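Q: Take a look and give me a structure for this.
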Amino acid sequence: MQIPRSTYRLQIRPGFTLYDAVELVPYLRDLGVDWVYLSPILTAETGSDHGYDVVDPATVDESRGGRAGLEALSRAAHEAGMGVLVDIVPNHMGVATPKLNGWWWSLLAEGRCSRYAEAFDVDWDAGAGRIRLPVLGDDGLDDLQLVPVEDGFELHYFEHAFPVAAGTAAAGDDARQVHQHQHYELVNWRRADNELNYRRFFGVNSLAGIRVEVQWVFDESHAQIRSWFDDGLVDGLRIDHPDGLADPAGYLERLRGITGGAYLLVEKILEPGEKLPGRWECEGTTGYDALADIDRLFVDPDGRTVLSEVAPVEGYHPMIHDTKRAIADGLLHSEVLRLARLVPAGADLEPEAVTDAIAEILSCFPVYRSYLPDGADHLEQAVIAARIHRPDIAETITALHPLLNPSDGTKDDGGAQLGELATRFQQTSGMVMAKGVEDTAFYRFTRLTSLNEVGADPSIFAVEPFELHTRLATRQLEAPEAMTTLSTHDTKRGEDTRARISVLSELPGYWAETMARFHALVPLGDEPFADLLWQASVGTYPARRERAHAYAEKAAREAGNSTTWTDPNEEFEARLHAAVDAAYDHPELVAMVGDLVEYIQGPGWSNGFCAKLLQLAMPGVPDVYQGTEFWNRSLVDPDNRRPVDFARRQEALADLDRLEGPAQVPPLGADGRAKLLMVSRTLRLRRDRPELFTGYESVAVTGVAAGHLFAFDRGGAIAALTRLPVRLTADGGWRDTRLQLAAGTYRDELTGRIHTSDGRLRAADVFADYPGALLVPAAG
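A: Next up, the predicted model:
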């Protein structure tokens with residue numbers, strides 16, 4: 001198996017194809033990247049910029065460059081000594097445009113008789129033999145039309161087209177009558193929450209789940225993927241959303257088989273302390289767990305109390321219980337009802353109590369899901385918590401427990417003996433967690449929003465150096481080939497947005513005073529959300545106005561306290577957009593934001609620089625998300641998927657490669673060249689000197705500012721970095737602080753500066769140029 005020494009994620013889309021990626025290979029090689037890492041490339045919905053809505057798994061998307069483009073990129077990468085990692089989507093398919101998806105079109109046209117009926121996850125009985133499609137507006141079927149086509153008829157509803165089953169229509173028939181005889185039922189979009197009868201991705205009706213646990217479905221949906229390995233085009237895979245699968249362990253075992261034992265990563269969100277099941281055939285996660293650890297090193301624990309009082313909200317864990325319960329009772333209630341229908345009649349339980357109890361257990365589940373027998377303890381914890389929350393239905397909750405784990409967690413059968421109820425419960429719990437936590441609570445718990453990131457627990461405010469050393473040493477022992485990351489296409493805020501916001505933890509009183517002035521100037525009527533909004537404003541400054549408006553509206557609707565997606569509060573949203581405009585137009589507010597950013601941007605650069613150095617040098621396979629070799633002050637999608645100016649980065653890297661000595665290194669500043677220098681030098685060292693990155697030991701630090709210096713030795717490469725820079729400056733700087741290094745001469749790979757240690761090395765000398773350093777023993 002080939003293991004990448006680093007990866008670089010590219011968002012392949014119609015506007016940036018596989019052929020564009022080919023042109024980028026020389027730059028990525030010069031940057032120090034080992035493998036190119038691609039977003040999904042199978043044929044997706046027309047115009048899809050993300051590729052997670054695959055409509056034809058048998059082909060590489062022609063709008064993204066097609067199979068020929070993949071072959072060209074593979075050839076260019078391999079000739080440059082680089083590998084190729086591709087993101088795949090086994091859990092679901094895009095069905096927004098039925099005609100584009102042959103599997104879905106067949107299902108709609110032929111119903112249960114379709115070959116693909118087994119491929120999709122439809123509860124036919126719940127729909128009286130029909131699959132419900134929630135596409136209608138409030139006018140119902142009034143605008144439905146019967147349209148003749150070459151091979152029969154279709155039903156059209158505005159831009160939507162649906163097949164008509166053979167023999168069920170003739171010219172002149174009433175479209176509504178024809179509709180009654182189809183294998184599908186078009187229903188109002190609002191009915192999806194309670195009446196949908198097919199499995200989907202989270203609450204997205206246009207992404208229908210498929211059953212890759214069925215062998216022929218796996219084979220047919222992975223034939224193109226298998227050919228990539230048969231033909232030597234691809235070297236590894238990233239698996240999207242394994243939590244949606246009926247049997248992730250079995251899936252990974254089959255995938256390992258068809259890829260010839262290739263490198264595999266799973267997009268799995270681990271809660272604090274959680275580990276991947278040991279029987280999974282993969283090298284680890286895509287790195288959100290690493291991101292959470294890294295960010296918290298740069299948060300001052302002393303800021304917690306004051307920041308909590310700026311815009312008080314309920315405790316985080318009670319909050320996520322309630323947001324998850326709202327999702328189980330609302331957006332995903334159809335999934336809960338399907339689980340309730342699976343409870344056997346012989347259990348002699350009252351249906352309404354069963355539905356209530358299942359929703360409560362889901363709301364109490366402490367992690368995304370179990371993989372029975374792995375995670376049986378999580379189910380038990382959820383059952384206990386549910387009984388405490390709801391003693392009125394405790395008896396029903398208790399009775400459900402053995403039905404949700406019929407093997408009692410004692411038999412490693414890969415889920416084969418679990419039965420449909422237990423299996424579907426596992427597939428559902430992750431959906432409830434994701435929608436209730438990532439897409440709701442993260443927009444409500446606004447104390448310090450740099451902590452509200454995918455895979456993180458915002459109630460964990462900071463990580464002390466000793467604890468992080470412990471986690472990194474454990475990572476080296478248990479998951480040295482797992483990915484690490486700081487930014488992805490799914491992060492809520494870019495890495496440098498978070499780095500700047502985290503500075504507020506060192507200035508909690510200043511932020512509290514600033515927020516009071518913001519409230520006075522532009523009262524929003526939702527103080528917790530205002531806290532989130534203004535943190536985003538200072539974190540991304542100077543963001544363009546349209547970006548700020550788009551983010552504010554999305555974030556407010558996701559929070560769901562003052563406005564929602566399904567029922568927008570026009571009055572609140574008008575105040576919200578006025579507040580955003582005020583940040584650009586109101587002289588006093590403009591000055592306040594500008595003054596605050598001027599004060600914290602230097603420490604923000606320090607945090608961003610050092611967080612990136614930590615991520616690139618620590619145990620694991622570091623990924624660089626496209627463009628983040630410069631400062632990345634993005635927000636949630638689609639903001640974090642904007643096009644990247646690669647020409648500017650190529651030019652800057654070429655200039656950096658002409659530098660001669662420490663005196664010429666660029667200052668830590670707004671143009672991002674210092675970050676690019678650090679990223680390129682660290683990636684090159686990892687690629688070209690892998691023997692320097694084979695272990696992990698903490699480096700001892702002494703002196704009055706020892707708490708501000710975090711350093712570790714990877715087996716020859718020594719990373720040293722600054723934390724909490726505001727307090728460091730306020731306390732008088734490094735003074736007598738020293739790194740305890742073996743006597744000898746060391747070269748800083750970032751600047752070329754030479755340091756001589758007599759057993760101790762002055763921190764002030766190490767950080768003369770930058771707040772971080774990457775030291776290696778000097779030759780000779």
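
Q: and the next element down the chain from the strand or helix carrying Pro148?
A: Following DSSP states H and E, the helix or strand that holds Pro148 is strand 144-149. Sequence-wise, the next helix or strand downstream of strand 144-149 (DSSP H and E) is strand 152-157.

Q: Identify the residues contacting that next one?
A: Applying C-beta atoms under 8 Å, 6 or more residues apart in numbering, the contact partners of strand 152-157 are 135-136, 141, 143-147, 161-164, 166, 169, 175, 178-179, 182, 186. Placement of C-beta: from N, CA and C, glycine included.

Q: which neighbours does that strand have in its sheet, and in what orientation?
A: strand 144-149 (antiparallel), strand 160-163 (antiparallel) (DSSP bridges).

Q: Please identify the most buried of those.
A: strand 160-163 (a mean of 19; mean count of other C-beta atoms under 10 Å).

Q: Output it in CSV with nothing but the alpha carbons.
A: Extracted in CSV, the C-alpha atoms of strand 160-163 (Å, rounded to 0.1, in the frame of the first residue of the first chain):
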residue,chain,number,x,y,z
HIS,A,160,-39.6,18.8,-13.1
ALA,A,161,-40.2,15.8,-15.5
PHE,A,162,-41.3,12.4,-14.5
PRO,A,163,-41.8,9.1,-16.4
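
Q: who touches the helix or strand just after it?
A: Sequence order places helix 175-179 as the next helix or strand after strand 160-163, per DSSP H and E. With contacts defined as C-beta under 8 Å, 6+ apart, helix 175-179 is touched by 141, 144-146, 153, 155, 164, 168-169, 185-186.

Q: Go again with 6 Å.
A: 141, 144-146, 169 (C-beta atoms under 6 Å, 6 or more residues apart in numbering).

Q: chain center to it: distance?
A: Helix 175-179 sits 43 Å away from the centroid of its parent chain (C-alpha atoms, centre = their mean, to the nearest Å).

Q: Can you list the buried residues in that helix?
A: 175, 178-179 (16 or more other C-beta atoms under 10 Å).

Q: burial count for Val55?
A: Residues lying near Val55 (other C-beta atoms under 10 Å) number 25.

Q: Provide the partner residues of Val36 in its beta bridges.
A: Tyr8, Val84.

Q: now do Leu237
A: Beta-bridge partners, per DSSP bridges, of Leu237: Val86, Leu264.

Q: Thr485: what's it in contact with?
A: 287, 291, 623.

Q: and these, which are buried?
A: 287, 291, 623.

Q: what helix or strand does the second one sit in?
A: Spelled out, it's Leu291. Using DSSP H and E, Leu291 falls in helix 288-297.

Q: which residues sit against that helix?
A: 269-270, 454-456, 462-463, 468, 471, 484-486, 498, 611, 614-615, 723.

Q: following it, which helix or strand comes up?
A: Past helix 288-297, the next helix or strand by DSSP H and E is helix 304-310.

Q: following that next one, which helix or strand shows up next?
A: helix 316-329.

Q: In terms of secondary structure, what does that following helix contact?
A: On a contact count with 3 or more C-beta pairs under 6 Å, 6 or more residues apart in numbering; DSSP states H and E, helix 316-329 meets helix 351-364, helix 420-433.

Q: With distance to Trp511, mean neighbour count and mean pLDDT added, can I get these in TSV?
A: Putting the helices and strands packed on helix 316-329 into TSV (distance: least, C-beta to C-beta, whole Å; neighbours: other C-beta atoms under 10 Å; pLDDT from 0 to 100) gives the following:
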stretch	distance to Trp511	mean neighbour count	mean pLDDT
helix 351-364	32	22	98
helix 420-433	30	22	98
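
Q: Which one of the ones you listed lies nearest to Leu31?
A: Distance to Leu31, taken as C-beta to C-beta, is lowest for helix 420-433 among the helices and strands packed on helix 316-329, at 34.9 Å.

Q: in whichever helix or strand comes after that closest one, what counts as buried?
A: Proceeding N to C from helix 420-433, the next assigned helix or strand is helix 465-478, under DSSP H and E. Using 16+ other C-beta under 10 Å as the test for burial, helix 465-478 gives 465, 468-469, 471-473, 475-476.

Q: now the next helix or strand after helix 465-478, how far from the centre of its chain.
A: As assigned by DSSP H and E, the chain's next helix or strand after helix 465-478 is strand 483-484. Between the centre of strand 483-484 and the centre of its chain there are 12 Å (C-alpha atoms, centre = their mean).

Q: Output the contacting helices and strands for strand 483-484.
A: strand 621-625.

Q: Most distant residue from the centre of the protein?
A: The centre of the chain is farthest from one residue, Gly172, which by C-alpha atoms, centre = their mean lies 50.3 Å away.

Q: quick one: that one and Pro163, what's the gap?
A: To Pro163, Gly172 is 19 Å away according to C-beta to C-beta, to the nearest Å.

Q: And for Pro667?
A: From Pro667 to Pro163 the distance is 63 Å (C-beta to C-beta).

Q: same thing with Ala382?
A: Where Pro163 is concerned, Ala382 sits at a distance of 42 Å (C-beta to C-beta).

Q: buried set for the strand or helix carrying Leu685?
A: Leu685 is part of helix 673-688, with elements assigned from DSSP H and E. For helix 673-688, burial by neighbour count (16+ other C-beta under 10 Å) applies to 673-687.

Q: Might you report the residue contacts of the residue positioned nearest the centre of the chain?
A: In the chain, the residue lying closest to the centroid (C-alpha atoms, centre = their mean) is Asp490, at 3.8 Å. Neighbouring residues of Asp490 by C-beta under 6 Å, 6+ apart: Val454.

Q: could you pull out the helices for the stretch 451-600 of the chain?
A: According to DSSP state H, counting those that start in this stretch, the stretch 451-600 of the chain carries its helices in the segments 465-478, 495-502, 508-521, 527-540, 545-559, 570-585, 587-617.

Q: and the ones you listed as CSV, adding distance to Ile327 and mean pLDDT?
A: Shown next, in CSV, are the helices of the stretch 451-600 of the chain (distance: least, C-beta to C-beta, whole Å; pLDDT from 0 to 100):
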stretch, distance to Ile327, mean pLDDT
helix 465-478, 30, 98
helix 495-502, 25, 98
helix 508-521, 29, 97
helix 527-540, 19, 98
helix 545-559, 12, 98
helix 570-585, 22, 98
helix 587-617, 32, 97
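
Q: Tell me which of these sits most buried.
A: Among these, judged by mean count of other C-beta under 10 Å, the one packed with the most neighbours on average is helix 495-502 (a mean of 28).
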